[in-house]
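**Student:** coords please:
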Amino acid sequence: MSQTTSMPVVFIGHGSPMLAIQDTDLTRSWEEIAQQIGKPKAILSISAHWYTETTAVQSSLKPQQIYDMYNFPEELYAKTYPVHGDAQLSQQVQELLKEHNIQVDNTWGIDHGSWAILTHMYPEADIPVVQLSVNSKLSPAQQYELGQKLQSLREQGILIFASGNIVHNLSLISRDGSNPDLAWAKEFDNWVRDQVVARNLEQLLAYKEHPHAKLAAPTTDHVEPLFYVLGATNEKDQVKVFNDDILGGALSYTSFIWR
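**Tutor:** Numbering: from 1, shown residues only. As a prediction, this is how the structure comes out:
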């Protein structure tokens, strides 16, 4: 358990699904973060890869592992992360978000936005995981407000965990192993990082007004998990930035932990 009175909140900038079976500086940083956090009672995961038109939560005690990636080596598809769900946590989330017309949906499962990271953080797969969807119909301000309703879970030993990317433009990412210096990507990533550190919520929730927002997030699914976890934090939390880096010019690994 964390040394503080409540569990931290984490936003992880995730990369290739191949990281699930690799040992890199990035994956080792996830291991280190987990060691700092300790062992939570359960994990509420908000992954960019479960992007829905409603607010949905899982209730399955044995959620399926989703291999939502294509044309990767067979070794990756053989990787398992057999976590259990948590009916009590699911019910709590439903109660906390009842004003948001939350629905139970077990047609999805634990996707690689969650398991590819958690397999490094908690490799024993012995911590229950419940996924909460990212509602595409909500504005950043509404997603933040929804996240605020989840704050009380932290006092119960629940780790609120989000996975996405501040900069996520796969059409412009370098595929040849080079890492071009794309000024717009660095400027946007640095701007978001600075606003998070300063807790400048007004600017963050209006991020689409930034001149590079459309390039950095041509689809908004990967940046939106950030607003959920921002809502789950408070002014007393200290934020730490880690993995402040960009892959292939257009995929940001920048991550945050609040505690």
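**Student:** would you mark the buried spots in stretch 21-28?
**Tutor:** Leu26, Thr27 (16 or more other C-beta atoms under 10 Å). Backbone N, C-alpha and C define where each C-beta goes, glycine included.
**Student:** centre of the chain to that stretch, how far?
**Tutor:** In terms of C-alpha atoms, centre = their mean, to the nearest Å, the centre of stretch 21-28 is found 17 Å from the chain centre.
**Student:** same thing with stretch 242-257?
**Tutor:** For stretch 242-257, the distance to the chain centre is 13 Å (C-alpha atoms, centre = their mean).
**Student:** which residues sit against it?
**Tutor:** 8-15, 26, 29, 33, 36-37, 165-170, 172-175, 178-182, 185-186, 189, 192-193, 196, 216, 229, 239-241 (C-beta atoms under 8 Å, 6 or more residues apart in numbering).
**Student:** need the pLDDT of the residue lying farthest from the centre of the chain.
**Tutor:** Computed with C-alpha atoms, centre = their mean, the residue of the chain farthest from its C-alpha average is Asp176, at 26.7 Å. On the pLDDT scale, Asp176 is placed at 75.
**Student:** how much space between it and Glu75?
**Tutor:** Relative to Glu75, Asp176 is positioned 22 Å away (C-beta to C-beta, to the nearest Å).
**Student:** partner strands of the lowest-mean-pLDDT helix or strand in the chain and their direction?
**Tutor:** Using mean pLDDT, DSSP states H and E, strand 246-247 stands out as the lowest-scoring helix or strand of the chain, at a mean of 91. Its sheet considered, strand 246-247 pairs with strand 251-252 (antiparallel) by DSSP bridges.
**Student:** verify the stated contact: Met69 with Pro17.
**Tutor:** Yes. With contacts counted by C-beta atoms under 8 Å, Met69 reaches Pro17, the gap being 4.4 Å.
**Student:** please identify every residue contacting each of the two.
**Tutor:** Leu76, His112.
**Student:** those two: which is more packed in?
**Tutor:** The residue with more neighbours, out of Met69 and Pro17, is Pro17; 22 against 16, by other C-beta atoms under 10 Å.
**Student:** which residues touch that one?
**Tutor:** Per C-beta under 8 Å, 6+ apart, neighbours of Pro17: Met69, Phe72, Leu76, His112, Ala116.
**Student:** if we use 10 Å, what do you get?
**Tutor:** 49, 67-70, 72, 76-77, 79, 111-113, 115-116 (C-beta atoms under 10 Å, 6 or more residues apart in numbering).
**Student:** what does Leu215 give?
**Tutor:** Here Leu215 is in contact with Val167, Asn169, Ser171, Leu172, Leu182, Trp184, Ala185, Glu187, Phe188, Ala250 (C-beta under 10 Å, 6+ apart).
**Student:** at 7 Å what do you get?
**Tutor:** Residues near Leu215 by C-beta atoms under 7 Å, 6 or more residues apart in numbering: Asn169, Trp184.
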